[in-house]
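Chemist: Quick one, fold the following:
(2 chains)
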Protein chains: 2
Amino acid sequence: MSQPLFFNLQATHNPHRWLLPLSPAVCVGPPDNLFMFGGVGMAAAIAALERTCGRPAIWATAQYLSYARPPSIVDLDVWVPASGKYNSQARVIGHVGDKEIFTVNAALGARESEHSTQWVQAPEAPPPEACVEADHWRGGGDDLHSRIEVRVAQGRYGGARAGAPASDGRLLLWIRSREGLPIDSTFLAIVADFVPGALGNALQLNAGGNSLDNTIRYRRIVPTDWVLCDIRIDGVHGGFGHGSMALFAQDGELMATASQSMILRVF
Amino acid sequence: MSQPLFFNLQATHNPHRWLLPLSPAVCVGPPDNLFMFGGVGMAAAIAALERTCGRPAIWATAQYLSYARPPSIVDLDVWVPASGKYNSQARVIGHVGDKEIFTVNAALGARESEHSTQWVQAPEAPPPEACVEADHWRGGGDDLHSRIEVRVAQGRYGGARAGAPASDGRLLLWIRSREGLPIDSTFLAIVADFVPGALGNALQLNAGGNSLDNTIRYRRIVPTDWVLCDIRIDGVHGGFGHGSMALFAQDGELMATASQSMILRVF
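Modeler: Numbers count the residues shown, from 1 in each chain, chains lettered A, B, ... in the order given. Next up, the predicted model:
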């Protein structure tokens, strides 16, 4: 757990308390109004949880309550209400000053087990080298999106709307870090917050969403250069949308599943 | 929101504070060691949230921390850290005495919107009348399972293992209340906690799971006599499993989606 991270998580004197200074590199939005990308809050919480508990995350859900803007510092406080032989139940409160930004609830742990199966299979997709690169709302050029390479394997995505819209609500993306960061539990948590980017493709409109939550479930993380994200918008109604994602390694291993609910924005 | 509920949720002098007395009718497990069914805790929290906030739930995730046993009384405290024009972000702490049993984080709200689409379609399934009824671990005959009728449309389920195991990890169940209770947000939350019952079918073993969480996302609830549950175990590894569910009305409307992570138990 000493690999480089996408964000600048800092330890403190207290093993249950962490700091995350915000810079544009972990933010999104208009250049004059940047805010922390939700998935970064989730990922920083997972990093803090894994380090505090000394166990890998099994599942985590982030509830997004407010926005944090650079150059503020997010405090992450880890609470562990239940800890057993094989797993811990824990949570992180992320706040700036006394303002709560997000809460992450999670389970962490690992057990010996002979059973390792995946029933969800990777979709047929051209390799990343054969896919069009998306230029996703790059803003000033130094925000989060400038650090993540996205290639569109199916569906329409990004500022220039690469690809053709798909009536089945499905979007296939290859994603990796431009800086060559490893694909670990934290990078997958950031990627899991890309579900709202599939709303426009599903509705065949210029649309997006604000995440209400971000949920990730880890099956097995294996070495891979790219993540294949199979994103589906399940449905929209009453101004809200719900979507899910399966995250595969290049060899087809199911590494994680994710889901989100979103406030629908049609532009 | 004054329809009869599956459980005995009681108001108090404080609109943010509710009580849930436990009886065998909301519990599962061996007759001499009954405990509250997780989905009942989730559903009671959603009922409390909807009544306190005066808004319908959009999404909710329950984190299960401990067991509550009859005849104890669960206190449900509703906190609303963020409330806007159209939606509220809220949580419920469920506890017995000072022991925390579960935490539910949720968003609630509704907005005017012309967009209502579902991309997830109901599977082909014989009607409930044509399906085998499952006798699910009925215990003493007065626990939760005795109050819920389950018919198996595809896959293997229940104490007598009705149906044939399916190698695709998929289980299709028709579910309704034997007492004719309406299918509302709370009944769907109880049903959403049936994902672990699909582990044995997926692994083709005598297996089950303990829920670590229960997540539900509501799209649109419509009048229906039965819920069609399309349950998939996505994958298992390292002693844990992850699954998802799509919940349809009899006319094929996608009412909700759900997902869970579980401790895998092979008997």
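Chemist: Need the three-state assignment for the residue positioned nearest the centre of chain A.
Modeler: Nearest to the mean C-alpha position of chain A, counting by CA atoms, centre = their mean, stands A:I190 at 2.6 Å. For A:I190, the assignment made with DSSP: H, G, I helix; E, B strand; the rest coil gives helix.
Chemist: Please name the residues that touch the nearest residue to it once chain neighbours are set aside.
Modeler: In space, and not counting its chain neighbours, A:I190 is closest to A:G39: 4.0 Å by CB to CB, 6 or more residues apart in numbering or on different chains. To be clear about C-beta, it is placed using only N, CA and C from the backbone, and glycine gets the same treatment. Residues counted as contacts of A:G39 (CB atoms under 8 Å, 6 or more residues apart in numbering or on different chains) are A:189-194, A:214.
Chemist: Put together TSV for the residues you listed, with pLDDT and distance to B:T61 on each row.
Modeler: Listed next are the contacts of A:G39 as TSV, based on pLDDT from 0 to 100; distance: CB to CB, whole Å:
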residue	pLDDT	distance to B:T61
A:A189	98	15
A:I190	98	19
A:V191	98	20
A:A192	98	14
A:D193	97	15
A:F194	97	19
A:N214	97	11
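Chemist: In terms of helices and strands, where is the residue lying closest to A:Y218 once chain neighbours are set aside?
Modeler: Excluding the flanking residues, the one nearest A:Y218 by CB to CB, 6+ apart is A:A256, at 4.9 Å. Using DSSP states H and E, A:A256 sits in strand A:254-266.
Chemist: Pull out the buried positions in that strand.
Modeler: Of all the residues in strand A:254-266, those buried under the rule 16 or more other CB atoms under 10 Å in any protein chain shown are A:254-264, A:266.
Chemist: And for A:A122, the neighbour number?
Modeler: For A:A122, the neighbour count with other CB atoms under 10 Å in any protein chain shown is 18.
Chemist: need the contact list for it.
Modeler: With CB under 8 Å, 6+ apart, A:A122 has these contacts: A:228, A:230, A:246, A:248, A:252, A:254.
Chemist: Can you pull the phi/psi pair for it?
Modeler: When quoted as degrees, to the nearest 10, the phi and psi of A:A122 stand at phi -60, psi 140.
Chemist: quick revisit: the strand holding A:A256 - which strands sit beside it in the sheet, and in what orientation?
Modeler: Strand A:254-266 pairs in its sheet with strand A:207-211 (antiparallel), strand A:213-218 (antiparallel), strand A:240-248 (antiparallel), by DSSP bridges.
Chemist: Which strands or helices does the lowest-mean-pLDDT helix or strand in chain A pack on?
Modeler: Averaged element by element with mean pLDDT, DSSP states H and E, chain A has its least confident helix or strand at strand A:132-133 (a mean of 90). Helices and strands touching strand A:132-133, by 3 or more CB pairs under 8 Å, 6 or more residues apart in numbering or on different chains; DSSP states H and E, are strand A:148-154.
Chemist: In the strand it packs on, which residues are buried?
Modeler: The neighbour-count check on strand A:148-154 (16+ other CB under 10 Å) flags A:148-154 as buried.
Chemist: ok so, going back, tell me who's in contact with the residue nearest to A:Y218.
Modeler: Contacts here follow CB under 8 Å, 6+ apart; on that basis A:A256 touches A:188, A:192, A:216-219, A:221, A:246-247.
Chemist: what residues are up against the closest residue to A:G239 other than its chain neighbours?
Modeler: Nearest non-adjacent residue to A:G239, counting by CB to CB, 6+ apart: B:R111, 2.9 Å away. By CB under 8 Å, 6+ apart, the contact set of B:R111 is A:238-240, A:263, B:86-87.
Chemist: Just the buried residues of those residues.
Modeler: For those, buried by 16+ other CB under 10 Å: A:238-240, A:263, B:87.
Chemist: From those residues, pick the one nearest B:R176.
Modeler: Closest to B:R176 out of the buried ones among the contacts of B:R111 is A:G238 (24.6 Å), distances taken as CB to CB.
Chemist: picking up where we left off before, so which of the buried residues of strand A:148-154 also contact chain B?
Modeler: Among these, no residue is within reach of chain B (CB under 8 Å from any CB of the partner chain).
Chemist: Out of those residues, which is nearest to A:L9?
Modeler: Nearest to A:L9 among those: A:I148, at 17.9 Å, using CB to CB.
Chemist: so who does the closest one touch?
Modeler: When contacts are counted by CB under 8 Å, 6+ apart, A:I148 touches A:136, A:175-178, A:190-191.
Chemist: do A:L34 as well
Modeler: Counting by CB under 8 Å, 6+ apart, A:L34 touches A:24, A:27-28, A:69-70, A:139, A:143.
Chemist: 10 Å instead, please
Modeler: Contacts for A:L34 (CB atoms under 10 Å, 6 or more residues apart in numbering or on different chains) come out as A:22-24, A:26-28, A:67, A:69-70, A:139-140, A:142-144.
Chemist: again with A:L181
Modeler: By CB under 10 Å, 6+ apart, the residues touching A:L181 are A:3-6, A:147-148, A:187, A:190.
Chemist: do A:L173 as well
Modeler: A:125, A:128, A:131, A:134, A:136, A:150-155, A:157-158, A:163, A:191, A:194, A:197-198, A:226-231, A:245.
Chemist: Tell me which residues touch A:C229, please.
Modeler: A:150, A:153, A:171-175, A:188, A:191-192, A:194-195, A:197-198, A:245-248, A:256, A:258.
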